[in-house]
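In: when you get a sec, could you give me coordinates for this:
(one chain, ligands or ions: 2)
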Amino acid sequence: MKIAVGSKNKAKLKAVETVLQTLENELDIAPIDAPSNVSGMPFSDEETMKGAMNRAEFCVRHHNVDLGIGLEGGVTETPAGLFLINWGALAVKDQATLVAGGARIKLPEEIATRLRSGEELGPVMDDFCQRENIRHGEGAIGVFTNGMVTRDLMFTHIMKLLVGQYQYRS
Ligand SMILES: O=c1[nH]c(=O)c2ncn([C@@H]3O[C@H](COP(=O)(O)OP(=O)(O)OP(=O)(O)O)[C@@H](O)[C@H]3O)c2[nH]1
Ligand SMILES: [Mg+2]
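Out: Ligands and ions are numbered 1, 2, ... in the order given. So this is what the prediction gives:
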């Protein structure tokens, strides 16, 4: 099976591999710089979902693959504060794109304030934790859940929701 993933982020690629390996041994997974065509730091469910769908659909439009996967992180305002959110999309040529949402947690006010003033979460997390490339590893969700739910685990759940819907439809 040929798969294109619209990202080179390690946490995203790990999740895609983990879930698709359970389907098939012969996997050909290509990481692609697919444009999300939304802002670098999406600020709503709608925008984050659109980013995931755009990435997945770009993959099947521009590459000869069976599946295109798009995974996108963002945030959204709620009455309880600013929440970290994630959406995933699975595209197959000439079929409706499947979508699924991930677990969400409230971000600390100190982080939320910086995002509201225009900063992106990835660099803010590295600055906050005095570490590098958190977004490729445990992610903000891993840091603020004390490692209980890491970014790749959260995307693994989204991937299971996508692949399960794909199997149900086939
Ligand atoms: O440390 C983090 N832990 C997380 O749990 C998390 N979720 C989202 N983000 C950040 O939100 C923005 C859009 O996300 P995003 O989907 O574009 O991800 P990304 O930029 O890491 O990957 P990619 O664009 O290369 O595929 C980027 O600034 C991400 O860094 C996170 N950062
Ligand atoms: Mg990004």
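In: sec struct for the residue most central in space within the chain, please.
Out: In the chain, the residue lying closest to the centroid (Cα atoms, centre = their mean) is Leu71, at 2.9 Å. Leu71 falls in the strand class when you classify it by DSSP: H, G, I helix; E, B strand; the rest coil.
In: looking at Glu24 now. What's its pLDDT?
Out: The per-residue pLDDT reported for Glu24 equals 87.
In: what residues are up against the closest residue to it other than its chain neighbours?
Out: Leaving aside its sequence neighbours, Glu24 sits nearest to Met1 (Cβ to Cβ, 6 or more residues apart in numbering; 5.2 Å). The way it works is simple: take the backbone N, C-alpha and C, and place the C-beta from them, glycine included. By Cβ atoms under 8 Å, 6 or more residues apart in numbering, the contact set of Met1 is 20, 23-24, 26-28, 66-67.
In: looking at those, which has the most residues close by?
Out: When neighbours are counted by other Cβ atoms under 10 Å, Leu67 leads the contacts of Met1 with 23 neighbours.
In: beta partners of that residue?
Out: Beta bridges link Leu67 to Ile3 when assigned by DSSP bridges.
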